[in-house]
Every structure is written in structure tokens, then in C-alpha cells.
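Engineer: here you go, sequence then predicted model.
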There are 4 protein chains.
Amino acid sequence: MHIGFIGLGNMGSPMAHNLLKAGHQLSVFDLSQPAVEALVEAGANAPGSVVDIARSPAELIITMLPASAHVKTVYLGEQGLLAHVQPGVRLIDSSTIDPLTAREVEALARAQGNPMLDAPVSGGTTGAAAGTLTFMVGGEQSDFDNALPVLQCMGKNIVHCGPAGNGQVAKVANNLLLAISMIATAEAMNLGVALGMDPKLLAGVINTSSGRCWSSDTYNPYPGVMDNVPSARGYSGGFGSDLMLKDLGLASEAARQTGQPVLLGALAQQLYQTFSNQGHGNLDFSAIIKLYTGVSE
Amino acid sequence: MHIGFIGLGNMGSPMAHNLLKAGHQLSVFDLSQPAVEALVEAGANAPGSVVDIARSPAELIITMLPASAHVKTVYLGEQGLLAHVQPGVRLIDSSTIDPLTAREVEALARAQGNPMLDAPVSGGTTGAAAGTLTFMVGGEQSDFDNALPVLQCMGKNIVHCGPAGNGQVAKVANNLLLAISMIATAEAMNLGVALGMDPKLLAGVINTSSGRCWSSDTYNPYPGVMDNVPSARGYSGGFGSDLMLKDLGLASEAARQTGQPVLLGALAQQLYQTFSNQGHGNLDFSAIIKLYTGVSE
Amino acid sequence: MHIGFIGLGNMGSPMAHNLLKAGHQLSVFDLSQPAVEALVEAGANAPGSVVDIARSPAELIITMLPASAHVKTVYLGEQGLLAHVQPGVRLIDSSTIDPLTAREVEALARAQGNPMLDAPVSGGTTGAAAGTLTFMVGGEQSDFDNALPVLQCMGKNIVHCGPAGNGQVAKVANNLLLAISMIATAEAMNLGVALGMDPKLLAGVINTSSGRCWSSDTYNPYPGVMDNVPSARGYSGGFGSDLMLKDLGLASEAARQTGQPVLLGALAQQLYQTFSNQGHGNLDFSAIIKLYTGVSE
Amino acid sequence: MHIGFIGLGNMGSPMAHNLLKAGHQLSVFDLSQPAVEALVEAGANAPGSVVDIARSPAELIITMLPASAHVKTVYLGEQGLLAHVQPGVRLIDSSTIDPLTAREVEALARAQGNPMLDAPVSGGTTGAAAGTLTFMVGGEQSDFDNALPVLQCMGKNIVHCGPAGNGQVAKVANNLLLAISMIATAEAMNLGVALGMDPKLLAGVINTSSGRCWSSDTYNPYPGVMDNVPSARGYSGGFGSDLMLKDLGLASEAARQTGQPVLLGALAQQLYQTFSNQGHGNLDFSAIIKLYTGVSE
């Protein structure tokens, strides 16, 4: 299939590479020339602008952008996709943005005859490279079915979350819970160790008890408890604290708009902001445990 | 084996019954006469005081008491166990108390020749009745090995957590994480639903993603997501909010003593206190989701 | 002076009346016809639209609107002020909105020759009626000097806070501190009373000690401590909890945009959201003390 | 008058010196020999033990000790005051401890014929040296009247807060409010400055508006806003963060015992704990603003 791909950052680039590997024809665009060139070397063509992508013969256009503002520009701007794309061309936005903007863009696209899905991912750059991302997808069932084979070139766990915007809803709700669980795991591990318990043993007990969570049993933030996780390598790689901070900003804004209190979520957001201001925004989000370990680290 | 058992409340009574069922000889004591009589009818004898239990031929004495103050009285009082028990008699305290008190009592017991374990449980009254409790045990390895067959009459998952007091440490750390996870699950579920997502579908996505935790996949607080959990029956039964409040009090006090910050934990404690003051302390601890659902419930 | 006035809500109406009383000629507009008619009866004329106000001979136009979205529409819309106003006409926006939007609108107005001030108020409907509002004003010094006599018809304390947007900054910072102080006063008063102290005596000690704050010495939330404050009349009147919730939303959004943590502020926002969801959003913001007093109230 | 004085730390020493200066005869005790010697040089005598103080001809004994545990030892221990003091000798404890312990000790003292007051102070080492402390006093009115002339040798603002323990209640409630106000002032100042406002101007606006509080108008934590406060001298001197942390521990423990939620207070406690763990416990408590200013400071 001929696919357009806009946004070749840390996530978008490996995703686009995986589409090429799967045999799809690719037209790509990004403001960063080196990123574009790397894809061209791998076999993509690079028409030069968003408008060119919109007017290319691509049947499907995928976007992977940093934030709502970029999504609005790329889709709704005068030089954007909706103003120039042919009716019938399908659209997938894999950016993580707020659900309300996602729904607004989708409604405009659908109204002019372009079926659209929101499909934010989790799994980080590692998952993007390995093609094992989780896609949380919002939109019509038939559009989801149609997109599934393409998404499976880039991910392993493709979940339909309901109508338009619900991919973003699932992502924001999951990451809200994730951030809180991670900080909670950090508090519990540090408290247990301070009270004299071996961290591995403590994690073992928690992981077979009611405190069990992904942050404790799969991604434990306490150094030495697990191998092959960021806490085993100085918190490099993984999912950056500043990205978690961004997602918590989306969650608390969505909460404000719907009048839902998120007491722990709001505090988690502030703790990641504090951690970021201390200069640690580029560390994996499990590094938040450093807030709890005092001056020595 | 001849076993003494002190403390026949909601947890202690079914635990004692399970020891009888397993064929042990039991001497019991509690301030509540009906609780004692029920055990006597089932085959226990009731010597009438803590001192009498201490002086009975029991080789092992188990205590299951509400809080540190009771443990101090029963073990360290003039009419308490340590003042009257024979050397060599083994002691197990299954109360949930602060680790420092547990270690203080254990050190005094050991010094006078009475090996002692701290062995708090999780699993609630259901687990106590079914004999499927988890025991988190602190103390010497040989004492643990020795106690294992008896504990297995009352529980299924018996974990040795290290030296004296570490059973309490594991319990307090696990429940700190549990309380926060539960509130976080409530926030994430409510936010997702407010944003238009089906609660079952949302729980399904979370449970296969990084937000996965025991509170979401085994004990979901959102009504209608799971059967056979308190949220499916108006939050009756289960583990009472006031008991969680007590455990969070132990956690924050232990955190204060060791100088470990527990930012989310302290907020969780205050939220359970607020919930309790609103008259809901007897509901299962997953009912904390009601704090987030406004006036309608 | 001939003044245009747009926005005749609970605050705008009494402010406009005070301008009339001071002898100014007034052209007013609001979507609510009864509000307009009340001003017309008092001597204003009502040209019928924002565009008509823009084209009226008014030398100064004042706006008092609910939120940023309304300000953007009234100033920047096709039927808005900037598109139709004569160069040289001065503009004052007394709405409480986010500082960044205030600066954006001001820059556009100034660029086309319309000096603009942001001048949010505090003092509530009582202050608006009595003409004793505090105005926190951002903009050029000469524009401030020019506007001062008009603002003094509506307020008593007129403070120049620096360049454009700084009126909003001062408002948002002050109200952030106010909300937290109010909740803190509620916590301190309730804790002291629970520990056996007379509330009036406690307030007296605090008010001569380092805990002293406006919320304790001028607007005490504990019933019976002061007369003539909302806590003395069931929390009616005053500054509504939902308005404080709105201001905390502005504060936390501004904090997010500038990367400033507001840990207590974020928690205060969530507590007002919780309180609002419990059905109390129309009560004075000092009623937040009810969150702390349990079921009986 | 002949007065006994036990506890010659940073606060107790200057207080004792002020009693000497006022012409009282003093018998002093402390575990630190240099502290005792400094008082002896100034004219006190040093009988050598708590028991000796108890048996001295002092009509009044004042204690100034670090925490509840020391108060219990000095008053209730076998070598303590109550076991050896003559009936009729009056007692004043100026330590800051939890109200329940204060009441327990007072009841025992009164029962054996020794009228007792709790009289914790605020004002720091500066106030202690200058004799300008605030005393918050709990106990009988007649005992308060009797003690007033002596307390006036050491302080300026002597407040009777009601029956025994209420001095401690007033102190704990005031400092809870103070800690929260200080952090809130730090948040508001930093947010305002980040949004482009001059800190002095912002403080000026707040101090004449509803955000006004002692932390903003008398002890502003933002450097450069005020002279002669800790923020003007690198946060040296003043009231140490670790002392505030101790008082917040008393507040949250008293809150737990009475079932009063202190949501902001609990978070404030955790923030001071975090700050202390980062190595800043010895800085003035207004230095908490450093938590908000990132790595550069």
C-alpha cells in the first residue's frame, strides 16, 4: 500500500522504517532533513511538504507529532492535510494529544470524507524499533478493521477502544495510573528498605501480593531489583520523565475540562515537574525514585 | 500440637477454627465471652486469662490483636505473656503493628528464651475463613521453618521476609502501595469514563498495559467491571476502609521515624481519613472511588 | 467621558452602575436583555452589538467577561472590537483570564493603535456594588495613569502591577495563595478545635502569631469566630467556590506552561473540584471547611 | 524568686540568661556541661542532676526539652521531677510536644499537688535572646496569673489558651498553618515571577490583598523582597526546616489521633521531609522555596 508518513522523530522514524520493511511504499515528511534522508536511503520518497503528502497518491496518511498544536497545524492549517487531501484517503494520528482535540480534528476529517483514527502508542522507542508497540485506537469499527494490518507492521497489541478520541482517552487514563503507580512503588520500596528489608525480597513479596503492579513486577525503579530495566542502567533509555510530565499535563487538563478530581494525579504531575526542574527530565520516568533517596544519589 | 491463641476477633476467630480443624489442641483467650464460647463449642479450652494461657502447656502461642498498644499489654504487661511464659515456648504475633514495636517485643522475648515471629496477614476475613491468608513473616529462618506447618493450617502463601519485624515491614510497604494504587485506579477509571469510554473496555486496556495493577485487574473499584468483588455488591465485605486507614497511619509513622518521604502515601492517608469522616469507614477500601463520583452516589 | 461597557453579569452590572453614578455617559452590551434593560433604565444607552459599541463615540471600552474564550471572541472575532474600533480608543479588560491570552490580545490591540490594560478585580459582588474593588492592572504606566480616574469610580485599591498581562499575573498568584491559605486555615482551626481549643481563642492566638493570614483574621471559615463573613451566614454570598476553582485552573495551567511546580496549589484545585462535585460550588469558597467536618454538616 | 531550669539548648540558654538578668535566683541542669558552665558564670548554681533540682528550694521549675520522650523522662522517670519534687512547687514545661502527652504529665503533676502549665514558645533563638518570645500557655487561670511575671522576663506576648495542653494545641495549629502558608507563598511568588512579574511588586500586591499572610508580609521567602529576614542572608538563622518538620510531625500525629484530615498539612510535612533529605534541614524553614527553583540554586 502507498502510505504517507508525517513526523519522523524518535518514535516516528522507527515506525516508518517498519512500514518499509513490511513492503509498503512510503512518502515521508519532517522538518528535520536528516530524519527524512535516513528514510529516503531506506527506500521512502520525500515529496517535500505536508501539502505534497496530501496530494500524493497515498491511500493512508499516518502522523506522529509532538503535541496538540502540531496536530492542529498539520491537519487544520491552510497548508495542512484536510485542505488538500483527496476524499476517501484514510488518516491515522498516532500522536499523544488531548482527547477533545482528537475528536475535533476527526469530526472535521470525517465530514469531508476522510475516515480518521486516533491511535496513540505505548512501548517507547524500544517498542517502536522492535515493532512491538501497543496501539490504543479510537474510531469506527470498520476503519479500525481496515487499519489493523498496517498497524500490525508497527505494533503487537492493537486495541480498539471505541469511537473517535477513545484511543487518547485510554492512553491518558493508563498513563495517569502508571505515573502514580511508579511513584507509589518508589515510596513503598524506599520505605521498606529504610525499615531494614532487602529490596529484592520486598519486591518479591509485593509482586505476589495486593501491591503488585507493572511498575513493581516489570519495571521496578529500585536499582538492583531487576535486570534489563532503566533502574539497572542509571535510568537511561526508556520513557523519559518529561514525556510522562507531558502526559500528566494532558490528564489533568482533561480532568479539569470534565470536572473529575485527580488528587493523586495532580500531585504526581507536580512531582514530575519538580523532578524535571532539578534537571532530570531526560531520565527514564522510573528515576522519580531519586526524589525519595536524598542527597546521596 | 498444643497451641495458645489470644485475640478472637473477625480475623482471629476463623484462624483459630482452622487450627482446630487441622487437629491441633487449642487454649484460647479473648475479652469477648461469646467469641471464646464459640471456640469452646468447637473444641478449644478456655483457661480464662492471658496469664493462664502463658502457664498452659502450650508449646506455641499465637496472638491476633488490633494494634500496638494491645500487643504491648498482652506481651509486656505485668499480667502479660513474657512475665509468665515458660522458656522455650514459641510466640507468633499476627497483629498488624508498627515494625519498631514488633522488633522491641521480639528482642525482649528472645532475650528470655522465647523465639518469636511477627507474622501479619493479608487476605481479609474471607481468606481467614477459607484458610488462604498470606502470612508475611519476620524472624529467624529456623523459627520460620518450625512455624511453617502451623501457619499453613491458616494460610496458603507463607513468605519469609527476613529478620524480626520484617513481616510488618512487608505488610506496611505492600499496603501503602495498595492504597495508592486503589485510589489511582479510581481516578483513572473515573477520568476515562468521564471522557466517554466504556468502563469494562477501559479496564481491559489498562490490564494489558503499563497501568496494570492488582487494584485494576483483580479488585476493580468501578461498579460493573468485575463480578465477585466489593464494587459488585455495594462495597460490602472485603477489607474495610478504616482498616486501610489504620495501616496508612502505620506507614506514615514508620516513614516519619525513618525520615522517608511518602508524598502520595500521606495524601492517600488523608483521603481515607476524609472518607471515613464522611461515614464510610466500614465500606470496603475500594469504595474510596465514591470520593470521585460526586453527589449522585 | 463616553465609555463603552461589555459584559453585565454579577460583577459587570454594578460596576457599570457605578460609572453612571460618577457621571459618565455609558453605552452597554450584553447577551442578556434584562441586564441591558436595567442599565438603560439607569441612564445608559444600548446600541445592540459589540460592533456597535466599537463604532460608538466611546473613548474607552471596558469588558467584564467570564473566561478567555469570551475575551477572544469579543476582541478578536470578526464581529469583535479590534476589527471595528477606531484607532486611539482605549481598552480595559477586567475579566480574569490567563496572562498569556491577556498579553496576546493586548499586543494585537496596541499594534493597531488601541492602548489596552488588563485589570482583573478582587472584592466580589459586594465590592463591585460598593465601588470598593481592588483592581490589579497590567500595561503601560501612561495608560494606567490615564485610566486611574475611571477605575476609581469602581474601586478603592488600584494597583499598577507592571507591563501588559501583569494584572492577571498578580490576580492568579494572589488567588493561588488565597485558596491554599483558606484550606490551611480550615485545617488548623478544625485540628485545634478537635484537640479541645475554643475556636475564637484559637483564631485570636493565630492572628497575633506567625500563622496569621487574611483567611484567618478577616474571613475566618470557622462558624462563630467572626460576624459579617460568609461562615456566619451558612456560607452564602461572598466569592463562590466554583469561581475559586476556575482561578485555580488558571493558576495550574499557567504553572504548567512556565514549568513551575505548584504542589499545594494543585492539591487545592483538586479539593475545590471535589467540593464542587459534592454539590457545593455555589457556596462561598470558605465553605471548603465542610470537607473537614465530616457527615454532620 | 528561686527558679529551677532544666534544658539549656539553643532556646533554653538565652531564656535562662534572661531570668538571671531579671534578678531571679537560678538552679540549672543540662547534660551538656559547657551550657551549664556558661550559666554558672552568669550567676546560676548547678546542683548536678534533675533530682537535685527537684529537691532544691526552687519554688518554680521550668523545662525546655527537645521532644516528648525527654519530657516523659525528666518528669516521670524514677530520677525525674515528679518523684522527688516537694508538693506546691510549680512546674512550667516550655518544650514543644504533643498535646496528649502534655495533658498526661500535667494531670499526674496536679494530682500530687504540683500545679503545672504547658507553655511552648515561638519566636526562635532571636526572640529567646531578646526576651521577646511568644508563650502559648495552657493550664488553670490562677496558675497562669501566677506565672505571668516570670514568663514576661522571657517573652513579650503571653497568651492564655485555656486548660492544660492548650498551649501545645495552639502551637501545633499555628505552625501547621504557618508551614502551609510559607510553602504557598513560595509557590505564588515563584509562579508570579515566572510569569514576568517583579517579586517586590508582587509581594506588595499580595500584602494588600486577600493573599496577605505573615509568610508574605513579614518573612517573605523570595530573595530580595525584604531585608533582615533569612531569605536576605542565604536562609541562615531563623527557624530551622528540621524544627518545622518536627512540628508538622506533631500536627499530623495529633490529626491522626483525633481523626481530623490535614490534606495540605500532610503534604507540607512530606515536602519538608524531602527538603531535609536533600541536605537542607538546617536552613531556615523559608528556604523551602528552593524546592521550587530547580537546580540552579
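Structural biologist: Arrived safely, thanks for sending.
Engineer: all contacts plus neighbour counts: C-alpha atoms, from now on.
Structural biologist: Noted.
Engineer: for chain A, where's the lowest mean pLDDT among helices and strands?
Structural biologist: The weakest-scoring helix or strand in chain A, judged by mean pLDDT, DSSP states H and E, is helix A:124-130 (a mean of 90).
Engineer: what does the helix or strand following that helix contact?
Structural biologist: Moving toward the C-terminus from helix A:124-130, the next helix or strand (DSSP states H and E) is strand A:133-137. With contacts defined as CA atoms under 8 Å, 6 or more residues apart in numbering or on different chains, strand A:133-137 is touched by A:117-124, A:127, A:144, A:151, A:154-162, A:166-168, A:170-171, B:209.
Engineer: let me know how buried the residue of the stretch 101-250 of chain A at minimum distance from chain D is, in neighbour terms.
Structural biologist: Residue nearest to chain D within the stretch 101-250 of chain A: A:E187 (11.5 Å; CA to the nearest CA). Applying other CA atoms under 10 Å in any protein chain shown, we find 27 residues neighbouring A:E187.
Engineer: hang on, it in a helix?
Structural biologist: Yes. According to DSSP: H, G, I helix; E, B strand; the rest coil, A:E187 belongs to a helix.
Engineer: can you tell me which residues contact it?
Structural biologist: Taking CA under 8 Å, 6+ apart, we find A:E187 in contact with A:289, A:292, B:177, B:261-265.
Engineer: scan these and report the most crowded one.
Structural biologist: Counting neighbours by other CA under 10 Å, B:L177 leads the contacts of A:E187 with 31 neighbours.
Engineer: looks to me like that residue is in a helix.
Structural biologist: Yes. B:L177: assigned to a helix according to three-state DSSP.
Engineer: so it sits right up against A:A188, yeah?
Structural biologist: Yes. B:L177 is in contact with A:A188 according to CA atoms under 8 Å; the separation is 5.8 Å.
Engineer: which pLDDT value belongs to the residue of the stretch 101-250 of chain A closest to chain D?
Structural biologist: A:E187 carries a pLDDT value of 98.
Engineer: kindly report the same for the one 5 residues further on.
Structural biologist: The per-residue pLDDT reported for A:G192 equals 97.
Engineer: quick check, it in contact with B:A173.
Structural biologist: Yes. Using CA under 8 Å, A:G192 is in contact with B:A173, at 5.7 Å.
Engineer: the residue in the stretch 101-250 of chain A positioned nearest to chain C: what secondary structure?
Structural biologist: Nearest residue of the stretch 101-250 of chain A to chain C: A:G249, at 7.3 Å (CA to the nearest CA). Each residue gets one of three states, and A:G249 gets helix by three-state DSSP.
Engineer: give me the pLDDT for it.
Structural biologist: 96.
Engineer: how many residues are close by it?
Structural biologist: 24.
Engineer: show me the contacts for it.
Structural biologist: A:269, C:256.
Engineer: what parts of the stretch 101-250 of chain A come near chain C?
Structural biologist: Within the stretch 101-250 of chain A, the positions lying close to chain C (CA under 8 Å from any CA of the partner chain) are A:G249.
Engineer: and A:S27, how far is that from chain C?
Structural biologist: 34 Å (CA to the nearest CA, to the nearest Å).
Engineer: what number of residues lie near the residue of the stretch 1-150 of chain A found nearest chain D?
Structural biologist: The stretch 1-150 of chain A approaches chain D most closely through A:A69 (21.1 Å), counting by CA to the nearest CA. A:A69: 11 surrounding residues under other CA under 10 Å.
Engineer: where does it land on pLDDT?
Structural biologist: Predicted confidence (pLDDT) for A:A69: 94.
Engineer: list the buried ones in the host helix or strand of it?
Structural biologist: Secondary-structure assignment from DSSP H and E places A:A69 in helix A:68-76. Going by neighbour count (16 or more other CA atoms under 10 Å in any protein chain shown), the buried part of helix A:68-76 is A:68, A:70-72, A:74-76.
Engineer: same deal with stretch A:265-281?
Structural biologist: A:265-278, A:280-281.
Engineer: what comes into contact with it?
Structural biologist: Taking contacts as CA under 8 Å, 6+ apart, the residues outside stretch A:265-281 that touch it are A:176-177, A:179-180, A:183, A:240-242, A:244-245, A:248-249, A:251-252, A:282, A:288, A:291, B:184, B:187, B:264, C:259-263, C:266-267, C:270, D:291-295.
Engineer: likewise stretch A:94-110?
Structural biologist: With CA under 8 Å, 6+ apart as the criterion, stretch A:94-110 contacts A:62-68, A:71-72, A:75-76, A:82, A:115-121, A:164-166, A:168-169, A:171, A:247, A:250-251, A:254, B:195.
Engineer: C-alpha coordinates for it, PDB please?
Structural biologist: The C-alpha coordinates for stretch A:94-110 follow below in PDB (Å, rounded to 0.1, in the frame of the first residue of the first chain):
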ATOM      1  CA  SER A  94      -0.600   8.400  16.400                       C
ATOM      2  CA  SER A  95       0.400  11.500  18.300                       C
ATOM      3  CA  THR A  96      -0.500  11.600  22.000                       C
ATOM      4  CA  ILE A  97      -2.800  14.600  22.400                       C
ATOM      5  CA  ASP A  98      -5.800  15.600  24.400                       C
ATOM      6  CA  PRO A  99      -9.000  13.600  23.500                       C
ATOM      7  CA  LEU A 100     -11.000  16.800  22.800                       C
ATOM      8  CA  THR A 101      -8.700  18.000  20.100                       C
ATOM      9  CA  ALA A 102      -8.500  14.500  18.700                       C
ATOM     10  CA  ARG A 103     -12.300  14.400  18.400                       C
ATOM     11  CA  GLU A 104     -12.500  17.900  16.900                       C
ATOM     12  CA  VAL A 105     -10.000  17.000  14.100                       C
ATOM     13  CA  GLU A 106     -11.600  13.600  13.500                       C
ATOM     14  CA  ALA A 107     -15.000  15.200  13.100                       C
ATOM     15  CA  LEU A 108     -13.700  17.700  10.500                       C
ATOM     16  CA  ALA A 109     -11.900  15.000   8.600                       C
ATOM     17  CA  ARG A 110     -14.900  12.600   8.600                       C
END
